[in-house]
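Colleague: Test case, fold it:
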Amino acid sequence: MNRFSPFPAYMVGFPLIFTGLFALRNPLAAHSLFGVPSPALLTTTTNISPFVYAKAVRDVALGLTCLGLQSQGNENGVTAILAGAVFTGLGDGWIVWCFGGEKLRRKAWGHWVPTVVVLAPLVVVRMLAD
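Modeller: Next up, the predicted model:
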């Protein structure tokens, strides 16, 4: 029987999957959701940056990996994914803060707060339990 609740894996896995699917379906809106200006707003072209699709696939893959590791009872694997999510959340917030512009800068907190309040303590608790 697992020592840990599957809730953290679901809390990270499902949002990653849904965010990735959203970005694949509506790549221009994904920029705003993330907190950076859309390239289409910065240029006269309406081309969508391939980076949006790469990020979308990354999000779906990480979400599926987190859920897959949880379904196998691989607690160390889930902890590693959560630790990676902490680093990613902090990095994403930094990217938004630096490149989102004054209008979108506040969205950096949408990356930092959940990371520091929710994910980081989960990683610490899981690591100390071993």
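
Colleague: going forward, measure contacts between C-alpha atoms and count neighbours the same way
Modeller: Will do.

Colleague: Next, the contact list for the nearest residue in space to Y10 that is not next to it in sequence, please.
Modeller: Using Cα to Cα, 6 or more residues apart in numbering and skipping the chain neighbours, the partner closest in space to Y10 is L67 (6.5 Å). Residues near L67 by Cα atoms under 8 Å, 6 or more residues apart in numbering: 9-10, 13-14.

Colleague: now A108
Modeller: 35, 92-97.

Colleague: Let's see that with 7 Å instead.
Modeller: By Cα atoms under 7 Å, 6 or more residues apart in numbering, the contact list for A108 reads 35, 93-94, 96-97.

Colleague: Can you tell me which of those residues are buried?
Modeller: Among these, those scoring as buried are 35, 93-94, 96-97 (criterion: 16 or more other Cα atoms under 10 Å).

Colleague: quick revisit: quickly note the distance from the residue nearest to Y10 to E102.
Modeller: Distance of L67 to E102, computed by Cα to Cα, to the nearest Å: 36 Å.

Colleague: quick revisit: taking the contacts of L67, please make a ChimeraX selection of just the buried ones.
Modeller: A single ChimeraX command selects the buried members of the contacts of L67 (16+ other Cα under 10 Å):
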select :9,10,13,14
